[in-house]
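Asker: Structural data only, the sequence is not supplied:
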């Protein structure tokens, strides 16, 4: 989440926005874990209120998405026989995704001020040159599970401090090559986290499409292809590594902080799984219940020097940060929630049998069609069409391909991995723009020169992967 941590007093609009998002999260959880199914209406109203209050201060892309959502709503009311059913369903799904996004983001509120995260970042950056790319990629990968986009500023600033002209023997070309290598390592590590992590938005949306598929089966497949793509990135880095790799501090890193971080992430995931199993709910519901308590507990540890007052101090810190970060998440809420809403409403306006008739009539093997869908998602992301919108439009196609004999896991695995890869090259993505700012290079340089070979190669790997698992499943 994008947090606004300034000390100016919270305005009335910000207080209402914060309350609205709290209502979204709590209502989604109530709806998912109880028989009070009407709670989804409270979540939907809360989301609409938030959009209305924060639309004026939302970025241009968010405004375009919200405007498109409004236009589609009017079109749906004018053309669909039961528009309220479609609109309410779209709002319910959007509320769920935003509830998950906000819940997961609470962990960052504690992680931002944690000495453990700072120590992990320093340990990763100080690894020896020959294993630095993999150390940065895996380290960024692990920290991103908790910090999400926040991992890139954290490690990026440390990279900039260590990658000086003096450390590069006054060779500006060597300094630039190291900057590219290390920035791409943390960027790709973050992006590929979204391909498999059960705590990611991508995983939650994919599982909501495949309710009948066990989460562990999907996660297992995604973990394998993620490791393949990480190693592919390391191979490309080795081919383009500068000949001179001696830094002023080559081996001062320690793995101890990373071990503690791994234990923390593992504990959160295990508790999430346990709660989900006890409730008979999806794994993401377990995460939504676990993470707010984990964030609060993490802050209690940070405030432990205050003794018995630590829980109170932690509660105050969390409340203060939430009152700033919730309104500050307006761009993400508009992009994620608005894209989900737009995709569902837009897809509902297409003839129900149009996609099925087309896919059935083209005479192309279903796995090839699925690969084409994955590649289409990557191409559309390059012109600013959100992956959520694409996935919502393709949701019906997954069932059609299943009826043609293709295991749904093949299609969903390809789409999830394509989503992760497209993060590296979409010009409107937050990740690309963060790396551009940290590296002081144009966005187009990152897309065309730094990542084009990786994403194109990754797209081919995804195609081969989908063919392989189509025979295995």
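Answerer: Looks like it came in fine. Remember, it's a predicted structure, so these values are computed and weren't measured experimentally.
Asker: Please point out which parts of the helix or strand containing residue 456 sit buried.
Answerer: Using DSSP states H and E, residue 456 maps to helix 452-472. In terms of neighbour count (16 or more other C-beta atoms under 10 Å), helix 452-472 has its buried residues at 454-455, 457-459, 461-463, 465-467, 469-470. From N, CA and C alone the C-beta is placed, and that goes for glycine too.
Asker: Repeat that for stretch 174-187.
Answerer: Within stretch 174-187, the residues that count as buried by 16+ other C-beta under 10 Å are 174-175, 177-187.
Asker: swap in stretch 17-36?
Answerer: 17-18, 20-21, 23-25, 27-33.
Asker: I'd like those laid out as CSV, including secondary structure.
Answerer: Formatted as CSV, the buried residues of stretch 17-36 follow (DSSP: H, G, I helix; E, B strand; the rest coil):
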residue, secondary structure
17, helix
18, helix
20, helix
21, helix
23, helix
24, helix
25, helix
27, helix
28, helix
29, helix
30, helix
31, helix
32, helix
33, helix
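Asker: Among these, which one sits closest to residue 143?
Answerer: residue 25 (23.6 Å; C-beta to C-beta).
Asker: centre of the chain versus the top helix by length along the chain, how much separation?
Answerer: Determined from DSSP state H, the single longest helix within the chain is helix 83-111. Mean-position distance between helix 83-111 and its chain equals 13 Å (C-alpha atoms, centre = their mean, to the nearest Å).
Asker: After it, which helix or strand is next?
Answerer: Using DSSP H and E, the helix or strand that follows helix 83-111 in sequence is helix 115-125.
Asker: Can you give me the buried ones in that following helix?
Answerer: 116-117, 119-125.
Asker: So which residues make contact with it?
Answerer: With C-beta atoms under 8 Å, 6 or more residues apart in numbering as the test, helix 115-125 has contacts from 111, 135-136, 139-140, 142-143, 146-147, 154-155, 158-159, 162, 182, 253-258, 260-261, 264, 302.
Asker: what stretches of this structure score poorly on pLDDT?
Answerer: Across the chain, the ranges flagged by pLDDT under 70 are 1-10, 125, 129-130, 162, 164, 167-169, 208-213, 240-255, 352-356.
Asker: which stretch of helix or strand covers the closest residue in space to residue 286 that isn't next to it in sequence?
Answerer: Excluding its sequence neighbours, the residue lying closest to residue 286 (C-beta to C-beta, 6 or more residues apart in numbering) is residue 276, at 3.1 Å. Assigned by DSSP H and E, residue 276 falls within helix 256-279.
Asker: unless I'm mixing things up, residue 285 is touching residue 29, no?
Answerer: Yes - applying C-beta atoms under 8 Å as the test, residue 285 and residue 29 come out as touching, 7.3 Å apart.
Asker: Show me what stretch 350-369 is in contact with.
Answerer: For stretch 350-369, using C-beta under 8 Å, 6+ apart, the contacting residues are 396-397, 400-401, 403-406, 410, 466-467, 470.
Asker: Span of it from start to end?
Answerer: Its first and final residues considered, stretch 350-369 spans 19 Å by C-alpha to C-alpha, to the nearest Å.
Asker: centre of the chain versus it, how much separation?
Answerer: That offset, for stretch 350-369, works out to 29 Å (C-alpha atoms, centre = their mean).
Asker: sorry, back to before: ok, then the element right after the helix holding residue 276?
Answerer: Per DSSP H and E, the first helix or strand lying C-terminal to helix 256-279 is helix 283-302.
Asker: so residue 320 is in which element?
Answerer: In the assignment (DSSP H and E), residue 320 maps to helix 310-328.
Asker: and after that helix, which helix or strand comes next?
Answerer: Heading C-terminal from helix 310-328 (DSSP H and E), you reach helix 330-348.
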